[in-house]
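J.: Fold the following for me, if possible:
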Amino acid sequence: MSEETVVTLNVQEDFAEKLASGRPAQAIAELIWNGLDAEATRITVSAEDGELGLQAIVVEDNGHGIPPADAPKLFENLGGSWKKVTRLSKNANRHLHGKEGRGRLRALALGRVAEWFVTAKDESGSLKTFKITIIRDNVKSARISAIVDAPQGAHTGVRVRLSELDKDWRLSSGGVAQELAELYALYMTEYRDVSISLLGDAIDPASVIHLKRQFALPSINRDGQSYPATIEVIEWKSPTERMLYLCDASGLPLHRIPPKIHAPAFEFSAYLKSEYVSLLNQEGKLDVAEMDEELSKALEEGKEQLRTHFKERVLEDTRSRVERWKAESIYPYAGEPDSAVQRVERQVFDIVAINVASAIPEFEALDSRNKRFQLRMLKQAIESSPEDVQLILTEVLELPKQKQEDLAKLLRKTSLSAVISSAKMVADRLEFLRGLETMLFDTDLKKHFKERTQLHRILAENTWLFGEEFALTLSDKSLTEVLRKHLKLKGASTDSVVDAPVKRLDGSTGIVDLFLTRRIPTARADELDYLVVELKRPSVKIGQDETSQIKSYAFAVRNDERFRALKVRWEFWVVSDDLDDYAREEITSSDRPYGMLDRKDNTEIWVKTWSQILNDSKARLQLFQKELNYNADRDDSLSFLQKTYAKILSEGNNPSALPEEDASETSEAPDVTEEEIVRTAS
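T.: Numbering: from 1, shown residues only. Okay, here's the model as predicted:
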């Protein structure tokens, strides 16, 4: 070609734009693969810096380049690469990675402009040079410059320059180098003459590999054809994002997915290798590989093999560390165990000690004297609570076989720590409900249970009691503060300044005890539910004064123009142990549910008793309580409350010793200055 030509890529616009996006390591990797497929032995990734920072990224190789006559066809037909019809490179018989020609578009994930400076031989063997340019704004067009003779001393290869970058890409971060090492680990093991460098530093997978092992898997069978499969695992010395790479039979990664296995002490990558993966890639099904029944079976087999591998590695690591501690004379036990009990005791110590050492990287850096001291302290701690160790071992070892299998299956999907935390959360809530019930209804205790300084503050930390959906709590704030928080959540403009208090109908400023909110999962993201709770001391019956007070709060909101025309739903509750005959008459009506004082527009007003609220909470926990077989008794539950909320119930360990509430602590008290209490419902 003696002049510039423009070729149009035969690809849909949205597909091209999808390819022109992704992680920086992925984009660079595609360009490196192109060089490797062109039989390059040296590939460099460098950066051009300018006054304003990173100016361009350059990927250069010494491969045989793109033959001038092939350039229009290769850039025009995405998916029509010459590589698709062969599995080996042209001369060196290397395994090919790219078969779809997608790598050239992935380069645009880094910058707006991609330029290929190509030096290659034409049909006569003469060395020619030309440039190909693609701009992301017009991703379907590629400009190919006039083809001219290469300058004296030039060699074949391709230099790709990516400019007008989207941002100052941090190629020097360890994550990019680590991901490249993972991608090329198997390839560079097979082809040792290949060198790849990033910003002047060699990508050397061998130097960061801690261990590598391969396991055979059952063959994958489809339509009478059998495809052998293996899984290879590489443990890294450096932190990495764990991935399971789906590879062709030679080990070239074609797709990656999360491994979804539990191996907390290891940094690893896994590579499932099979020609069946290549088949799915050719069929365009690799992006949904996990939905393929045959491959899904192989993946499960591979994951099970990985789990077995890491269990064995834990045992290996335990033995090697313990032997090293013995050699350093810091192991706290001498000689061999004399009995089965001592053997189990040492096994427990070894497991705990290994986990402690793994969790504290600084441990191995300590000198021998300090390590010896730490291990002896740990031994003493374990020996000082033998009943706890015995209970744990007994419960686990005496589980029926089915329960052991259930536990093992559960631990493949989550950690034992998470299981314990979940069970403890339910148990703590059952203890809390039983203890609160005692404090609220015990004749002696409830007389001394303070509304604002105790009951109020405890509930502000346990908003799940009113419903799991409530996530935000404002404690003891005036209606004006409720309005401020509401407008902030609604994303109101800075013009929506609250400079006047929210007044009740009698002109006074109200104080709400708890203000809870939830966002409703609807098509409109700005819809909110609000619950305003007015708490009464357990010894106070709800009567005319109390119902009038909660209605005054609701009417203040309903009649304030700042709340109108907003997509919200308000509920107002007044809560205590009991109510008098007047209140019972008010909440009994043929046109309203029992307990409702009033309903209008987006506002509902309710009278609630603690019996109702506690029973609703117990009902939500009933299934978990049954499965846990957990019963909270009165004394233990009171002790739980006293210990958990010691700062709030600060008048001694006996709740009945709490003094009477100050006269100033009434629902009409002026607004306090304590900070908002914001809690996330468990």
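
J.: any idea where the strands of the stretch 251-400 of the chain begin and end?
T.: All strands of the stretch 251-400 of the chain, identified by DSSP state E, counting those that start in this stretch, fall at 253-257, 268-274.

J.: Deepest in the core, which of those strands is it.
T.: Mean neighbours per residue, mean count of other Cβ atoms under 10 Å, is largest over the strands of the stretch 251-400 of the chain for strand 268-274, with a mean of 25. The C-beta positions use only the backbone N, C-alpha and C, and glycine is treated the same way.

J.: That one - which strands sit beside it in the sheet, and in what orientation?
T.: With DSSP bridges as the test, strand 268-274 is paired with strand 225-236 (antiparallel), strand 243-247 (parallel).

J.: follow-up on the earlier one: now for the strands of the stretch 251-400 of the chain, which one comes closest to residue 456?
T.: Between residue 456 and those, the tightest spacing by Cβ to Cβ is seen for strand 253-257, at 49.9 Å.

J.: So what touches the closest one?
T.: The set of residues external to strand 253-257 that reach it, using Cβ atoms under 8 Å, 6 or more residues apart in numbering, is 97, 183, 186, 243-248, 271, 277-278, 281, 286-287, 289-290.

J.: coming back round to it: okay if I get the strands paired with strand 268-274 as TSV plus mean neighbour count, distance to residue 215 and mean pLDDT?
T.: As requested, those are exported to TSV (neighbours: other Cβ atoms under 10 Å; distance: least, Cβ to Cβ, whole Å; pLDDT from 0 to 100):
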stretch	mean neighbour count	distance to residue 215	mean pLDDT
strand 225-236	19	5	95
strand 243-247	23	13	93
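
J.: Save the ones you listed as CSV, and put in distance to residue 32 too.
T.: Shown next, in CSV, are the strands paired with strand 268-274 (distance: least, Cβ to Cβ, whole Å):
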stretch, distance to residue 32
strand 225-236, 19
strand 243-247, 16
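
J.: Nearest to residue 322, out of the ones you listed?
T.: Ranking the strands paired with strand 268-274 by their distance to residue 322 (criterion: Cβ to Cβ) puts strand 225-236 first, at 19.7 Å.

J.: Mind listing what's buried along stretch 117-128?
T.: Across stretch 117-128, burial judged by 16 or more other Cβ atoms under 10 Å covers 117-120, 127-128.

J.: Extract the C-alpha set from it and format it as CSV.
T.: This file holds the C-alpha atoms of stretch 117-128, laid out as CSV (Å, rounded to 0.1, in the frame of the first residue of the first chain):
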residue,chain,number,x,y,z
PHE,A,117,4.3,0.4,14.9
VAL,A,118,5.0,-2.7,12.8
THR,A,119,8.2,-4.0,11.3
ALA,A,120,7.8,-7.2,9.3
LYS,A,121,8.9,-8.9,6.1
ASP,A,122,6.7,-8.8,3.0
GLU,A,123,6.2,-11.6,0.5
SER,A,124,9.6,-11.0,-1.1
GLY,A,125,11.4,-11.1,2.2
SER,A,126,12.1,-7.3,2.3
LEU,A,127,11.8,-5.6,5.7
LYS,A,128,8.9,-3.1,5.7
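
J.: Begin at 32, not 1, for the rest of this chat.
T.: Okay, residue one is now 32; in that scheme the one you just asked about reads as stretch 148-159.

J.: Where is the longest strand in this protein?
T.: If you go by DSSP state E, the chain has its longest strand at strand 240-253.

J.: before we move on, the earlier item: any idea which of the strands of the stretch 282-431 of the chain gets closest to residue 571?
T.: Set against residue 571 and scored by Cβ to Cβ, these come closest in strand 284-288, at 60.1 Å.

J.: Quick one: mean pLDDT over that closest one.
T.: Averaging pLDDT along strand 284-288 yields 89.

J.: Direction included, what does that strand pair up with?
T.: strand 274-278 (antiparallel).

J.: For residue 601, pull up the helix or strand it's in.
T.: For residue 601, the host element (DSSP states H and E) is strand 599-607.

J.: Same question for residue 563.
T.: Element membership for residue 563, per DSSP H and E: strand 559-566.

J.: And this structure, what are its domain boundaries?
T.: 36-202, 237-343, 360-438, 459-524+533-688 (automatic domain parsing).

J.: ok, residue 320 - how many residues close by?
T.: When neighbours are defined as other Cβ atoms under 10 Å, residue 320 has 21 of them.

J.: Please report the distance of residue 212 from residue 642.
T.: Distance, residue 212 to residue 642, by Cβ to Cβ, to the nearest Å: 63 Å.

J.: do the same with residue 602
T.: 19 Å.

J.: And the two? Which one has more around it.
T.: The neighbour count for residue 602 versus residue 642, taken as other Cβ under 10 Å, is higher for residue 602 (19 against 13).

J.: Could I get the full set of helices for the stretch 582-713 of the chain?
T.: For the stretch 582-713 of the chain, the helices defined by DSSP state H, counting those that start in this stretch cover 612-617, 641-659, 665-675.

J.: how near is residue 243 to residue 334?
T.: 18 Å.

J.: Can you name the residues bridging to residue 38?
T.: Where residue 38 sits in a bridge, its partners, by DSSP bridges, are residue 173.

J.: quick one: it and residue 172 touch, right?
T.: Yes - using Cβ atoms under 8 Å, residue 38 is in contact with residue 172, at 7.3 Å.

J.: and the two? which has more neighbours close in?
T.: Neighbours were counted for residue 38 and for residue 172 using other Cβ under 10 Å; residue 38 has more, 18 against 14.

J.: Give the residue spans of the stretch 582-713 of the chain that score low on pLDDT.
T.: The stretch 582-713 of the chain contains residues with pLDDT under 70 at 592-597, 654-664, 681-713.

J.: go with 90
T.: 582-604, 606-609, 620-623, 631-634, 641-713 (pLDDT under 90).

J.: for the stretch 282-431 of the chain, same thing?
T.: Scanning the stretch 282-431 of the chain for pLDDT under 90 picks out the ranges 282-287, 291-297, 309, 312-322, 342-355, 357-360, 364-431.

J.: and if we set it to 50?
T.: 424 (pLDDT under 50).

J.: one step back: and the helices of the stretch 582-713 of the chain as a markdown table, adding distance to residue 629?
T.: Compiled in a markdown table, the helices of the stretch 582-713 of the chain are given as follows (distance: least, Cβ to Cβ, whole Å):
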| stretch | distance to residue 629 |
| --- | --- |
| helix 612-617 | 9 |
| helix 641-659 | 18 |
| helix 665-675 | 34 |
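
J.: Out of those, which is closest to residue 96?
T.: Here helix 641-659 is closest among those (Cβ to Cβ), at 66.1 Å.

J.: before we move on, back to that, so which of the buried residues of stretch 148-159 is the closest to residue 563?
T.: Out of these, the member with the shortest distance to residue 563 (by Cβ to Cβ) is residue 148, at 68.5 Å.

J.: Let me see the residues that make contact with the strand or helix carrying the closest one.
T.: Taking DSSP H and E as the definition, residue 148 sits inside strand 142-152. The contact list for strand 142-152 (Cβ under 8 Å, 6+ apart) reads 87-88, 95-99, 102, 135, 138-139, 158-168, 181, 185-197.

J.: just to revisit the earlier point, any idea which of the domains of the chain gets closest to residue 229?
T.: If you check each of those against residue 229 by Cβ to Cβ, domain 36-202 wins as the nearest, at 4.8 Å.

J.: State the helix or strand in which residue 465 lies.
T.: According to DSSP H and E, residue 465 maps onto helix 447-472.

J.: All set, thanks.
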